[in-house]
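*Asks:* Predicted structure and sequence below. I'll ask about it afterward.
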Amino acid sequence: MARKRNATDKYKSIIIIKTLDMRKFYSLIFTTLMMLASASLSAQSEATSPRMSFNIVKEVKPPLWEIVEEPHFVDEDGNSVIDADEVCKIVMKLKNIGLGEGRNLTANISATGSTMGITYSSRKIQNIATGSTATIEFPLTTDMSTVDGSASFTVFVEEPLGFNSDQYMLKVQTRAFQAPMVEVKDYVATCDNGGKLEKMKPFQLQVLIQNTQYGLAEDVAVTLMYPSNVYNLGGLDKLTIPKLEAGEAKTLTYSLLVNNQYEGSTLPLQIKVKEKFGKYAHDKSITLELNQKLVNRSIDVAARVEPKTTIVDAQLRSDVDRDIPQTENRNSHRYAIVIGNQDYHSYQNGLKVEQDVPFATEDANVFKQYCQRTLGIEESNIVLLNNATAAKMNQEIDFITRLAERDAQAEIVFYFSGHGFPDENTKEPYLIPVDVNASSLRDALSLYELYGKLTATGANRVTVFLDACFSGGGRNAGLIASRGIRVTPKKDALTGNIVVFSATSADQTALPYSEKQHGMFTYYLLKKFKDSRGECSYSELYDYLNRNVGNSSLRVNRKDQTPEVNTSPQVQDSWGGWKFN
């Protein structure tokens, strides 16, 4: 029975092994067939059907912007001017009316103009959800190097996919630093019932502190210094005045006592004054005498002395534009033609703004004020033309010359700021009206014909000021910039009683003085008139222009500019002694 069971068990094992082998065999067959089928289908697909690809794009829901509050300027003192050493900002408010959230946004700011001393930068801002309104601030800070002028700021909110807000330009006046000067203007020792300054008797020292200049004085600290055996009964040796406006005065009172141990016959006191910057104040030493008569009164001062209105006029941009001297001598026989041609591109196709003459109209406007106030010319005898066409220039020149012809004592002043241009063939210089193309000088104003017309009036004096060059260049670019020509203009002999002050020599360019918002030549011309109150000779003026224009042009513009003076033979020995007043 045991042998039979063993045989049966062996048979069963053989069956199981064979069964397992058959399973492996069938599995191998099945796998092979599937691989063959897959290869066949793939080949058939490539032979009968093109390959297809799919690019799934995520739906874009952009933000859109509605300006709720347009950009406006906010400053510390509320004068709407960017002052030196100030923290201010531009603020705008907008709403996201789009379908999506505004993400990774940038408050973008850029600036042109008088930006010296102003710090600003674009910055990242928080996300703005759909339907939300946000206030966007563009911080501005200034140091002590700001200049008189104006700065133009362009602001907008930038979105990475280009869904930006509208751009806005905001023009703000800038102002150069104006220093204060804090001084002890007066003092007095007093007591209640009069009497003398004696030991062991209290007395009051009143000190008048005043800001004598036009800049704001802040954090003014006044410290009283006194010798031993002198006591301050009020207890505070240092007093602080938060601010002093221009011309403003404050009275400080100290209650003092000299004890019996004090041995001197005089009482030396020192008042130390310091303001925010630590350099615009003067100390004061005071010496009182023991037994001197004391007064029974107080200093009577106005709380504030108003400064001159021109000091706070935010529209004035240069020192020569302020406080223009006023002469009492009126000259009814003096006539002036003043022309400032700045905007050429608006009158001629193909010109760009770079080919305009920066500050030319400002040159003319301020020169006209000097003619009237400083040179004593009646306003009815002055013609002012800004951006003058050829017809207008000829018309007004004819008008003034006709007036001068009828005046036996006539003097003529002619001023021009704008483009000059030479004829390439004859080298003859021309003044260019704003509507005349420099490639065709037929309607331009010949300088020599102008000289002849002015002197033909028989005027006792003809004085010409030309802030222009005649080499083909310009303050920014020449009228025919692509040609880039430089021509040395021909100089013809002058006739009559005429003196011509020119901004340049030979083939130089008449350059701007951007910081002062004038042409370089005009700025120093006006400055000499201001400093001398018009009481200078022609030779003194020429020496001043030659020295200062040459030096400043090299420093500021890194180019040479040498003014010239030309005279007729009739006055070559006498012109230097001529005077304006």
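*Replies:* Cool, got the structure.

*Asks:* can I assume residue 531 sits in a helix?
*Replies:* Yes - assessed with DSSP: H, G, I helix; E, B strand; the rest coil, residue 531 lies in a helix.

*Asks:* Next one, pLDDT for it please.
*Replies:* pLDDT recorded at residue 531 is 95.

*Asks:* Run through the residues that contact it.
*Replies:* Applying CB atoms under 8 Å, 6 or more residues apart in numbering to residue 531 gives no contacts. Just so you know, the C-beta spots here come from the backbone N, C-alpha and C atoms, and that holds for glycine as well.

*Asks:* mind giving me the domain ranges of this protein?
*Replies:* With domains defined by automatic domain parsing, the chain comprises 65-174, 182-289, 333-577.

*Asks:* Okay, strands next: where are they in the stretch 51-200 of the chain?
*Replies:* Secondary structure of the stretch 51-200 of the chain by DSSP state E, counting those that start in this stretch: the strands cover 65-75, 81-82, 87-96, 106-113, 118-119, 123-124, 133-142, 149-158, 168-174, 182-190.

*Asks:* now, of the domains of the chain, which is deepest in the fold?
*Replies:* Highest mean neighbour count among the domains of the chain (mean count of other CB atoms under 10 Å): domain 333-577, with a mean of 19.

*Asks:* what's the first-to-last distance across that one?
*Replies:* End-to-end distance of domain 333-577: 19 Å, with CA to CA, to the nearest Å as the criterion.

*Asks:* Run the chain-centre distance for it.
*Replies:* Remark: domain 333-577 is offset 26 Å from the chain centroid, using CA atoms, centre = their mean, to the nearest Å.

*Asks:* Could you point out which residue ranges in this structure have low pLDDT?
*Replies:* 1-58, 192-194, 293-317, 471-493 (pLDDT under 70).

*Asks:* Reformat the domains of the chain into JSON lines and put distance to residue 326 next to each item.
*Replies:* Output for the domains of the chain, formatted as JSON lines (distance: least, CB to CB, whole Å):
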{"stretch": "domain 65-174", "distance to residue 326": "21"}
{"stretch": "domain 182-289", "distance to residue 326": "19"}
{"stretch": "domain 333-577", "distance to residue 326": "5"}
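
*Asks:* can you tell me which of the ones you listed comes nearest to residue 59?
*Replies:* Proximity to residue 59 (CB to CB) singles out domain 65-174 among the domains of the chain, at 9.4 Å.

*Asks:* wait, isn't residue 91 in contact with residue 75?
*Replies:* No - the criterion here is CB atoms under 8 Å, and residue 91 misses it with residue 75 at 11.1 Å.

*Asks:* Now the common contact residues for those two.
*Replies:* Joint contacts of residue 91 and residue 75 (CB under 8 Å, 6+ apart) do not exist.

*Asks:* How are the helices of the protein distributed by residue range?
*Replies:* All helices of the chain, identified by DSSP state H, fall at 2-48, 360-373, 390-405, 447-455, 520-532, 538-556.

*Asks:* for the shortest one, packing partners?
*Replies:* In this structure, helix 447-455 makes packing contacts with helix 390-405, strand 411-417, strand 429-431, strand 461-467, strand 498-502, judged by 3 or more CB pairs under 8 Å, 6 or more residues apart in numbering; DSSP states H and E.

*Asks:* okay, the angle between that helix and strand 498-502?
*Replies:* Angle of helix 447-455 versus strand 498-502, following axes from the mean of the first three to the mean of the last three CA atoms, to 10 degrees, is 140 degrees.

*Asks:* Also the last one?
*Replies:* On the basis of the same axes, to 10 degrees, helix 538-556 is oriented at 10 degrees to strand 498-502.

*Asks:* now what about helix 538-556, what contacts it?
*Replies:* Against helix 538-556 from outside (CB under 8 Å, 6+ apart): 463, 499, 501, 503, 511, 513-515, 520-521, 524-525, 527-528, 532, 536, 559-563, 565, 575-580.

*Asks:* ditto for the second one
*Replies:* Applying CB under 8 Å, 6+ apart, the external contacts of helix 360-373 come out as 317, 320-321, 324-327, 336, 338-343, 377-379, 382, 384-387, 413, 415, 417-418, 465, 467, 517-519, 522, 525-526, 529-530, 534.
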